[in-house]
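**Q** build me a model from this:
(3 chains)
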Amino acid sequence: MPELPEVETARAAIEAAGLHREIADVDDTDTFECRPHAPGDLKAALVGRTLTAAHRRGKSMWCDTSGDGPALGIHLGMSGRVFITDPGGRLTIGGDYGGPRPETQPDRDVWYRFSLYFADGGSLRLRDKRRLGRVRLDPDLGDLGPDAELVGREEFRARVGRGTAPLKARIMDQSVLAGVGNLLADETLWRAGLSPLRPAGELRVDELDHLRRELRGAIRHAVKHGGVHTGEVVPHRRAGDHCPRCGGEMVRATVGGRTTWWCSAEQTLP
DNA sequence: CCATATGTTAAAAG
DNA sequence: ACTTTTAACATATG
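**A** Sure thing, here's the model as predicted:
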């Protein structure tokens, strides 16, 4: 689920409820989630410290730690969610902050791939069903482009408006822009009325500026309403469905390696 | 059993 | 050398 809006919600949750609590124990035994660290590496680095700030760029989060400790990097992957409990063990924030449908299956302990246990009795845990998320010390964010919500007009033009790759692949390339995932890309291109298949380098400047505006609008809407699945066109990404604006047929193809849906009437090639 | 899934990335291809 | 595409990753669900 997590794209930029969901990650921002998780970051805000950590900022609101996870900072300045002494870390008493750490479960870092999931060697895939914590790769390339060995079990115990994160524990040794974090016990006795507190998280002091929560940051985000695109879909990547990291927390500063006290006493000049290493940063704690968290990536939610395809299915990660952050859960934070109070000293009484009650869920205070996080968890069910997004998703296309409510959970029907009972919670399973094995889905919790990484945990901080605070000295006050509460915890901060990462639940990740698909296990494609990751936790690491001092994450390298050097290959990430600017955050998709913060990128300026000139930089957006220069970064997005080049290359022969299809436009959708371009805006989902995390080294070009950080934060756009599959659903946010479809939503943004639909709002902008642009075909996902357009070669990125062939966009006009006015089209790029409009795209950036719609991207920011889509992000703001998703953050405010609880996730990318609250987008206008996202619920219509289904066979036989129609564009909620014009009634045109929604069409599907694989673009940039991902299932892509767009309006056959409005998002056409020039 | 089959298809699909909100992400990343190494490897292959161009 | 740089850009683009594909496959694999680990797991759940309809």
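**Q** shouldn't residue A:176 be in contact with residue A:145?
**A** Yes. The criterion here is C-beta atoms under 8 Å, and residue A:176 meets it with residue A:145 at 4.9 Å. Quick note: C-beta positions are derived from backbone N, CA and C, even for glycine.
**Q** looking at those two, which is more packed in?
**A** Each of residue A:176 and residue A:145 has its neighbours counted (other C-beta atoms under 10 Å); residue A:176 has more, 22 against 19.
**Q** ok, the residue of the stretch 101-250 of chain A found nearest DNA strand C to DNA strand B distance?
**A** Closest residue of the stretch 101-250 of chain A to DNA strand C, C-beta to the nearest atom of the strand: residue A:163 (2.7 Å). Between residue A:163 and DNA strand B the distance is 11 Å, computed by C-beta to the nearest atom of the strand, to the nearest Å.
**Q** OK, contacts around that residue?
**A** By C-beta atoms under 8 Å, 6 or more residues apart in numbering, the contact set of residue A:163 is A:170, A:199, A:200, A:201.
**Q** am I right that the first one sits in a helix?
**A** Yes. Counting by DSSP: H, G, I helix; E, B strand; the rest coil, residue A:170 is found in a helix.
**Q** identify the residue nearest it in space, chain neighbours excluded?
**A** Nearest non-adjacent residue to residue A:170, counting by C-beta to C-beta, 6 or more residues apart in numbering: residue A:200, 3.9 Å away.
**Q** verify the stated contact: that neighbour with residue A:157.
**A** No. The pair residue A:200 / residue A:157 is not scored as a contact, 11.1 Å apart, by C-beta under 8 Å.
**Q** the two: who's more crowded?
**A** A direct count of neighbours by other C-beta under 10 Å for residue A:200 and residue A:157 places residue A:200 higher, at 21 against 17.
**Q** ok, and the closest non-adjacent residue to residue A:51?
**A** Per C-beta to C-beta, 6+ apart, closest to residue A:51 is residue A:63, 4.3 Å.
**Q** and that neighbour, backbone torsions?
**A** Here is the backbone geometry of residue A:63 (degrees, to the nearest 10): phi -120, psi 140.
**Q** ok, it - contacts?
**A** Applying C-beta under 8 Å, 6+ apart, we find residue A:63 in contact with A:14, A:18, A:19, A:51, A:52, A:53, A:54, A:55, A:71, A:72, A:74.
**Q** ok, the residue of the stretch 51-200 of chain A found nearest DNA strand B to residue A:165 distance?
**A** Nearest to DNA strand B in the stretch 51-200 of chain A, going by C-beta to the nearest atom of the strand, is residue A:181, at a distance of 1.9 Å. According to C-beta to C-beta, to the nearest Å, residue A:181 stands 16 Å off from residue A:165.
**Q** cool, residue A:207 as well?
**A** 16 Å.
**Q** any idea which helix or strand in chain A has the lowest mean pLDDT?
**A** Using mean pLDDT, DSSP states H and E, strand A:91-94 stands out as the lowest-scoring helix or strand of chain A, at a mean of 79.
**Q** so what strands line up beside that strand?
**A** strand A:80-85 (antiparallel) (DSSP bridges).
**Q** residues contacting the partner strand, please?
**A** So strand A:80-85 is in contact with A:1-2, A:10, A:13-14, A:17-18, A:74, A:76, A:91-97, A:112, A:122-128, A:133, going by C-beta under 8 Å, 6+ apart.
**Q** can you tell me the SS state at the closest residue to residue A:138 other than its chain neighbours?
**A** With C-beta to C-beta, 6+ apart as the criterion, residue A:138 has its nearest non-adjacent residue at 4.8 Å, and that residue is residue A:70. Counting by three-state DSSP, the backbone at residue A:70 sits in coil.
**Q** good, wrapping up.
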